[in-house]
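**Student:** Based on what follows, work out the 3D shape:
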Amino acid sequence: MSDDNGFDVEELYEAHKLSTGSVEEDDLNKTPRNKYSLANSLVNNAKERDFGDDEPMTAKDLLDYFTAMNLKTNEICSVLTVNNNRFGNMTRTCPHGRDMSYEYISPTLEIFVRLIKAYPEYAPWKKVTIQDVADATGFDIVTLAYVCGSSETAGERWDKDSSKTTPLVNVLLKLIYNMAISGVDQVVFREVADKVMTTRNNFETTRLLNDNSWNCIQDQTLRKVRKIFRNGLNDLHLDGNKSKLQNTVTTAMMKELALKGEDEISAELDSLRKRSGLKGIELDQSIHTIRLCLLWLRTRDYYQKSFVTHSRQKKETEDMPKARLDAYIKSKGDGLITDDKLNEIRDELSKINQQLENHVSTTLNLWQ
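**Tutor:** Prediction:
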């Protein structure tokens, strides 16, 4: 296994062990990551550090360096935690009209840049590939996908094309990589992923489809209901338009309807009925589909909020003395979610779910 710097981890580790006799096999042979960290440490300590020219850095030097790194302005601003205007003031023209290109940058920023030039592997914009993380942790790609909260099929896609990751996955990959090259054992990443999976399976609103998936049963059903909702709006042929509405349009309509009160919803549905190109039973069916979807979404949101509140309240009152418990219950008033109240809301959601299933002739799993 070789590092980006071109050294062989195993060879360097063995050479160090023979030359010093100071490396305990029990300590460093547990995982490849400990050897990797030792090798990195040896190389970093052995090489001559070059912190650049013996001349202060100008704003132009800074821009030239960032350009050489192929960094975009928004990436630079993100790293330096400044906005575009502030960055322009620092490197081009200040608010007073002074040309900043040949002005020396702040000592703090210069130290930052010189450190990164000497140790590019620690650059905050360094792109970490999936293979980098796999090599650093010792995981195969499919297992790595699991510890990143992605599915087995996602891991198979990564194996074929490492660019098939989301921005959030990339953030987690970089964190795991930085921890791994610092010597954190791979068991840590597996343990936290296992914990997240177990806790989700222990709660019915977050229960997963199966052991090979991070997809939640209710999230999958939620997507199906939203699709039914969207199709219902498209089926209305509003204002004589038989073409499918853009998703941005139907999404905005769905949000607007979901945020309205019951009386307002009735008025909005009446308005949609008047604008529709449908007539008779077809129109009634489409409007009823939309109403059921709205009712499902609102009740499901209410149940989710009640479920979380009930769980937290139960934990908070566990082993609470009776006097304190009585005072707690009184202080919560209508905000107290009892077992009976939660079951009542659950039953209502199940009832609406059954009505929607029957109406559109499809299966909508809630409590698998």
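
**Student:** Show me how this protein divides into domains.
**Tutor:** 9-46, 59-122, 130-201, 217-360 (automatic domain parsing).

**Student:** So what's the model's average confidence on the first one?
**Tutor:** Okay, so that is domain 9-46. Summarised as a single mean, pLDDT over domain 9-46 is 52.

**Student:** buried sites along the longest helix anywhere in the chain?
**Tutor:** Looking only at the chain and at elements set by DSSP state H, the helix with the highest residue count is helix 280-317. Neighbour counts over helix 280-317 (16 or more other Cβ atoms under 10 Å) mark 283, 286-300, 303-304, 306-307, 309-310, 313 as buried. Where C-beta positions appear, they are placed from N, C-alpha and C, glycine not excepted.

**Student:** same for it, what does it pack against?
**Tutor:** With contacts defined as 3 or more Cβ pairs under 8 Å, 6 or more residues apart in numbering; DSSP states H and E, the packing partners of helix 280-317 are helix 217-235, helix 247-258, helix 262-275, helix 322-332, helix 339-360.

**Student:** among the helices and strands of the chain, which one scores worst on average pLDDT?
**Tutor:** Every helix and strand of the chain was ranked by mean pLDDT, DSSP states H and E. The lowest is helix 25-28, at a mean of 46.

**Student:** Cys216: what's its closest spatial neighbour, skipping adjacent residues?
**Tutor:** Counting by Cβ to Cβ, 6 or more residues apart in numbering, Thr206 is the residue found nearest to Cys216 once chain neighbours are left out, at 5.3 Å.

**Student:** mind checking how far the one you found is from Ile265?
**Tutor:** To Ile265, Thr206 is 28 Å away according to Cβ to Cβ, to the nearest Å.

**Student:** For the stretch 101-250 of the chain, give me the ranges with low pLDDT.
**Tutor:** Low-confidence segments of the stretch 101-250 of the chain, defined by pLDDT under 70, span residues 162-163.

**Student:** ranges for the helices of it?
**Tutor:** Applying DSSP state H, counting those that start in this stretch to the stretch 101-250 of the chain gives helices spanning 107-118, 130-137, 141-147, 152-160, 167-181, 186-201, 217-235, 247-258.

**Student:** pull the CA atoms of the shortest one into PDB?
**Tutor:** So the one you mean is helix 141-147. As requested, the backbone C-alpha atoms of helix 141-147 are provided in PDB (Å, rounded to 0.1, in the frame of the first residue of the first chain):
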ATOM      1  CA  ILE A 141     -16.200  -0.100  -1.400                       C
ATOM      2  CA  VAL A 142     -19.600  -1.700  -0.500                       C
ATOM      3  CA  THR A 143     -18.800  -1.700   3.200                       C
ATOM      4  CA  LEU A 144     -17.600   1.900   2.900                       C
ATOM      5  CA  ALA A 145     -21.000   2.800   1.400                       C
ATOM      6  CA  TYR A 146     -22.700   1.200   4.400                       C
ATOM      7  CA  VAL A 147     -20.700   3.200   7.000                       C
END
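
**Student:** who's in contact with it?
**Tutor:** 130, 133-134, 137, 139, 151-152, 154-156, 158-159, 176, 189-190, 192-193 (Cβ atoms under 8 Å, 6 or more residues apart in numbering).

**Student:** still on that earlier bit, looks like the residue nearest to Cys216 contacts Gln220 (just checking).
**Tutor:** No: taking Cβ atoms under 8 Å as the definition, Thr206 is not a contact partner of Gln220, at 11.8 Å.

**Student:** could you list every residue that touches Asp239?
**Tutor:** Neighbour list for Asp239: Arg275, Gly277 [criterion: Cβ under 8 Å, 6+ apart].

**Student:** 10 Å instead?
**Tutor:** Taking Cβ atoms under 10 Å, 6 or more residues apart in numbering, we find Asp239 in contact with Arg275, Ser276, Gly277.

**Student:** Make TSV out of these and add distance to Leu364 and neighbour count.
**Tutor:** Output for the contacts of Asp239, formatted as TSV (distance: Cβ to Cβ, whole Å; neighbours: other Cβ atoms under 10 Å):
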residue	distance to Leu364	neighbour count
Arg275	28	13
Ser276	25	19
Gly277	28	14
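
**Student:** of these, closest to Asn210?
**Tutor:** Taking Cβ to Cβ as the measure, Ser276 is the one of the contacts of Asp239 closest to Asn210, at 40.8 Å.

**Student:** Could I get the average pLDDT for the longest helix of the chain?
**Tutor:** Mean pLDDT, computed over helix 280-317, is 93.

**Student:** so how far is that helix off the chain centroid?
**Tutor:** Relative to its parent chain, helix 280-317 has a centroid offset of 25 Å by Cα atoms, centre = their mean, to the nearest Å.

**Student:** and if you look at stretch 63-78?
**Tutor:** Shown here is stretch 63-78, whose average C-alpha point lies 25 Å from the average C-alpha point of the whole chain (Cα atoms, centre = their mean).
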